[in-house]
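Asks: model the following, please.
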Amino acid sequence: MSYRHIVFLFAVLLTLSQAHATPISEWAVFGPAWSRGGLAVTWLSHEGDVQPQPGDLDRTRGWVGKKDITWQYLQTDTGMIDWLSPQVPDVSEQLAKTHKWAGATVYAHTYIWADHAQPAKLNDAIKGSHRIWLNGDRISDSKVRLQKGWNRLLIAMHSPAMINGKERKFATDTHPSNWTMQVSIVGTQENDIDHVRFTAFDPSRTTLLTSDNRPMRMMAMLSRPDGESPIFFADESVSLHYALQVGLDEPEDKRDRRPWYYTVTPQTISALMDQRDAGVCQYRITPDTRRFAPDQFKDNLPAKLKVRVLSYDNMPVMDNIIALSFEAEKQGVFQTQQLINLGQLPVNHYRMYTEYLTSDDKVILRHRPHSFSVVQGPVARDQDTGPRVLATVGHWLLKKDMDGVLGRMRLLWRTGITRQHKINQGWSTWGLKHDGQGNVTLTPNPAIDQLIDEANRLGITLVGDLSTGYIRTDLLRDGQAMPQTEAEQKAAIAKAEDIVDPRQLVLAPYGARSSPHFGHPAFEKTYEEAARLLVSHYKGRIDYWTGDNETDLHAGKATEQIAEVYATAVKALYRGLKDANPKAVYISPSICRKNEFTYKLQKFGFMDACDILDVHAHPIDAPDLDSPVIGNSTKEGLGVVIDYLKESKSNKPVWYGELSAPVSHSFDGAAGQVESLIKQLAWAINNEHVQGLSYLVVYNGYDYGWPSGMCNLGKEPLPAINAINTASHLLDGRKKLSPLSHLNGSIQQLRVADKTGNETLLLWNHTDSKVWIKAKAQVQLVDLLGIHRTTLTPNNMGMVQVDVGKTPVYVVGRFVE
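Replies: Numbering: from 1, shown residues only. Sure thing, here's the model as predicted:
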């Protein structure tokens, strides 16, 4: 008996055992999304609001690299879906190739018709952790109530491997995999379910296609009127610039580099329609499709824009329909620009839902949620009573687009981050050159001066770059650029690993010729002189410096000879830095793996040639205040904190030079990122040996690392931006005080104070509890986004009661120890 027959028989028997059960037989399926957060990353933890159909894109990060993922049509008479089988090739084929550490999430969505409102029950046989939404509401009980008309059902499933460490078991000819689901709907004991039917296609939507099967594509960007990320201070009026572009043909730039959305993905719906017309696949509900001649494109542009704005806590702000008029076509694209004025809004994070409508109000396309933030305001650093921990890292911040670079500085200023870790690793960007004989020259780059001036104006501290470059061999032409492709880099590393004599090894700094051979007197002289020139020139303007990115990750197997080369170069840089400015601080080149090479580097003094050790981490869990490390699991492949860090109180202090602010790692997506980020910051402030947390590309968009940062693909702020600004005002840069002794020991508490003596008490607990706090006067309860929730007045015993749970809360006032 074949695997298909076994699955079918199993599903039929399961269905027959459920009286009056109707299997849900049509689905739109999606995945695998890289990360635990899945769609909760781009849908701001409201993925239950998604209304997809086959052929839609959702802009999350795919399992293999940065790619858009398409919702696919799946029909199953029994309702059974086996994610690791040929039934869902997009999932099974990708997961067969790789198994990255962030986990994988898949989704199944369908529309259910009910002739009248009626109670029902969902029977689900789901292997693995999952979540279910009905009509946008999260449900935990199998008993549901269908509304009259169409109902939306969404199921998210998480890979068994990332929940409990189970190995993936792919389907075979005789056995299903260990990642399956079957869902049916059944009546209650009082009422049989009747007149229900299903479709994978959005019944409220009209899909537009040209007669030659070309879909319409749209890209909408939300920004401030000046074009920068839509972050506003509380005393500003919120004015949103909304720019919509509409085209037909594929854009010239890579589709996965820009947030284009399609009425359908190219060829998807036409293939489905051809199957239907040929009688190959009969849909229970036929999707509504309109075709038009290509020369009628202008006549079929969206006529209206429906806009709905909600606050983070779902309070309505705007619900309106805007008539659209487009500018003249340019290079096949029509554009319209709208200015949406909302006036002055309170501190909060806001999301905007948009629908594009025809003149007769048919929905053409629903865009992913846009977002914008209203935050308290810039940070007054003159009020600091202690060191600041919050920073961001952008490995190649300084590029040709100087306006964009300065805009990123202003974004950090609005966000409340006061330190930028790294400017550009390239020697050529800094104006450094060497002749291969130990002679180095510096021609200062005016763009760096411009960047420093803007950073100083905004109160942002810059961390400059003193880099060694990466391993090369003399088998490559002297002066050749660093290999750019992964294959070229691996080939160069492999050649280096075959070399026994370290004197045959060289390093290749970015943007410079290869270094002299290791062992040649000019090798150390080159690096020492480069550091001396650079640090001397920027003395008093840049006093923090750092090295290369993830040296241990780029070094392959890394022999002792290679470790000696790296360590020697770093020690030479460190000597040059201290000679130029004894007060300058050098943060080591970053390390991110626990392996033999890490200890080889340590053996040759790599960790000694710095003032602060840079460690990269991508935590999957938020720490408690007394946790030894920031939250990494030793079972994770990337970002494992080395044992050295656990001993750092007796060694060098530590700077976490790259953190992904784990939007990707939290099951709650954008909301979970907020919670984890604040716990990480509190942990760092509570640990004297931690000097900084550099979050990955806070200002990112489609260009780099966007599912790990704090802005979405359109460079719009996630709720984490609000959380950072609030923490910058209430926690960071404050004097740490002793904890309140009268609180239960299980309560996580961090207590700090500003110059005036006003205190902030950050509290959370693993279980919900009511906590009594001794207060000198009224206290304010503020949530993580900076929203003032309530004012508490002490009772006659001088106590206030606060509800404390797993989500931290700020209590602001003055307290009695």
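
Asks: need the helix or strand of the protein with the lowest average pLDDT.
Replies: helix 3-16 (a mean of 48; mean pLDDT, DSSP states H and E).

Asks: now the next helix or strand after it: mean pLDDT?
Replies: Using DSSP states H and E, the helix or strand that follows helix 3-16 in sequence is strand 22-23. In this model, strand 22-23 carries a mean pLDDT of 87.

Asks: for the remainder of this discussion, apply numbering that starts at 16.
Replies: That works, and once the first residue is 16, the last one we named lands at strand 37-38.

Asks: any idea how far strand 37-38 is from the middle of the chain?
Replies: 37 Å (Cα atoms, centre = their mean, to the nearest Å).

Asks: each with direction, which strands does it pair with?
Replies: strand 195-201 (antiparallel) (DSSP bridges).

Asks: quick one: pLDDT of the residue nearest to Leu640 when sequence neighbours are not counted?
Replies: Distance criterion Cβ to Cβ, 6 or more residues apart in numbering; nearest residue to Leu640, sequence neighbours excluded, is Asn701 at 4.8 Å. C-betas here are computed from N, CA, C, even on glycine. You'll see Asn701 listed with a pLDDT of 95.

Asks: check Asp416 too.
Replies: 80.

Asks: which other helices and strands does the lengthiest helix in the chain contact?
Replies: Scanning the chain for the longest helix, with DSSP state H as the assignment, gives helix 575-595. Under the contact criterion of 3 or more Cβ pairs under 8 Å, 6 or more residues apart in numbering; DSSP states H and E, helix 575-595 touches strand 485-488, strand 520-523, helix 536-552, strand 600-602, helix 611-618.

Asks: if I read this right, Ala135 contacts Leu161, doesn't it?
Replies: Yes - with contact defined as Cβ atoms under 8 Å, Ala135 reaches Leu161; the gap is 5.4 Å.

Asks: which neighbours do the two share?
Replies: Residues touching both Ala135 and Leu161 by Cβ atoms under 8 Å, 6 or more residues apart in numbering: Ala129, Val211.

Asks: how is the chain divided into domains?
Replies: 18-214, 223-389, 403-745, 750-828 (automatic domain parsing).

Asks: would JSON lines of those with mean neighbour count and distance to Ala395 be doable?
Replies: As requested, the domains of the chain are exported to JSON lines (neighbours: other Cβ atoms under 10 Å; distance: least, Cβ to Cβ, whole Å):
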{"stretch": "domain 18-214", "mean neighbour count": "19", "distance to Ala395": "29"}
{"stretch": "domain 223-389", "mean neighbour count": "17", "distance to Ala395": "13"}
{"stretch": "domain 403-745", "mean neighbour count": "21", "distance to Ala395": "9"}
{"stretch": "domain 750-828", "mean neighbour count": "16", "distance to Ala395": "10"}
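
Asks: lowest-confidence stretch among these?
Replies: domain 18-214 (a mean of 78).

Asks: what distance do you get for Asp105 to Thr187?
Replies: Look at Asp105 and Thr187: by Cβ to Cβ, to the nearest Å, they are 20 Å apart.

Asks: now do Arg547
Replies: Distance from Arg547 to Thr187, by Cβ to Cβ: 64 Å.

Asks: show me the contacts for Val378.
Replies: Asp217, Ser219, Arg220, Thr221, Glu370, Tyr371, Leu372.

Asks: nearest to Lys789, of the residues you listed?
Replies: Glu370 (52.2 Å; Cβ to Cβ).

Asks: name the nearest residue to the closest one, sequence neighbours excluded.
Replies: Lys321 (4.2 Å).

Asks: quick one: Glu575 from Ala582, how far?
Replies: 10 Å.

Asks: Throw the domains of the chain into CSV and include distance to Asp397, thanks.
Replies: Supplementary listing: those in CSV, determined by distance: least, Cβ to Cβ, whole Å:
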stretch, distance to Asp397
domain 18-214, 34
domain 223-389, 18
domain 403-745, 9
domain 750-828, 9
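
Asks: to Arg396, which of those domains lies closest?
Replies: domain 403-745 (5.0 Å).

Asks: quick check: end-to-end length of that closest one?
Replies: 12 Å (Cα to Cα, to the nearest Å).

Asks: roughly how far out does it sit from the chain middle?
Replies: That offset, for domain 403-745, works out to 19 Å (Cα atoms, centre = their mean).

Asks: show me what the closest residue to Ala140 other than its chain neighbours is bridged to.
Replies: In this structure, Ala140 finds its nearest non-sequential neighbour in Gln197, 4.6 Å apart by Cβ to Cβ, 6+ apart. Applying DSSP bridges to Gln197 gives these bridge partners: Met95, Ala140.

Asks: likewise for Arg306?
Replies: Beta-bridge partners, per DSSP bridges, of Arg306: Leu224.

Asks: show me what contacts it?
Replies: Leu223, Leu224, Thr225, Ser226.

Asks: could I get those as a markdown table with distance to Arg396?
Replies: Shown next, in a markdown table, are the contacts of Arg306 (distance: Cβ to Cβ, whole Å):
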| residue | distance to Arg396 |
| --- | --- |
| Leu223 | 52 |
| Leu224 | 56 |
| Thr225 | 56 |
| Ser226 | 62 |
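
Asks: now, which of these sits nearest Ser675?
Replies: Distances from Ser675 to the contacts of Arg306, taken by Cβ to Cβ, are shortest for Leu223, at 37.9 Å.

Asks: so that closest one versus Gln795, what's the distance?
Replies: Taken as Cβ to Cβ, the span from Leu223 to Gln795 is 51 Å.

Asks: quick check: Thr93 is in a strand.
Replies: No - membership of Thr93 in a strand is not supported by DSSP: H, G, I helix; E, B strand; the rest coil, which gives coil.

Asks: so it is in contact with Thr195, correct?
Replies: No - the pair Thr93 and Thr195 does not pass the contact test of Cβ under 8 Å, sitting 11.2 Å apart.

Asks: which phi and psi does Leu776 have?
Replies: The phi and psi values for Leu776, taken as degrees, to the nearest 10, are phi -120, psi 110.

Asks: can you tell me the closest non-neighbouring residue to it?
Replies: Val826 (4.3 Å).

Asks: and the one you found, what helix or strand is that in?
Replies: Counting by DSSP H and E, Val826 is found in strand 824-828.

Asks: using CSV, list the CA coordinates for that strand.
Replies: Only the C-alpha atoms of strand 824-828 are listed here, as CSV (Å, rounded to 0.1, in the frame of the first residue of the first chain):
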residue,chain,number,x,y,z
VAL,A,824,5.9,47.3,33.3
TYR,A,825,7.4,50.6,34.3
VAL,A,826,6.5,52.1,37.7
VAL,A,827,7.8,55.7,37.8
GLY,A,828,8.0,57.7,41.0
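
Asks: who are the packing partners of that strand?
Replies: By 3+ Cβ pairs under 8 Å, 6+ apart, strand 824-828 packs against helix 734-745, strand 774-779, strand 794-797, strand 814-819.

Asks: what does that strand rub up against?
Replies: Under Cβ under 8 Å, 6+ apart, the answer for strand 824-828 is 741, 745, 773-779, 788, 790-799, 815, 817-818.
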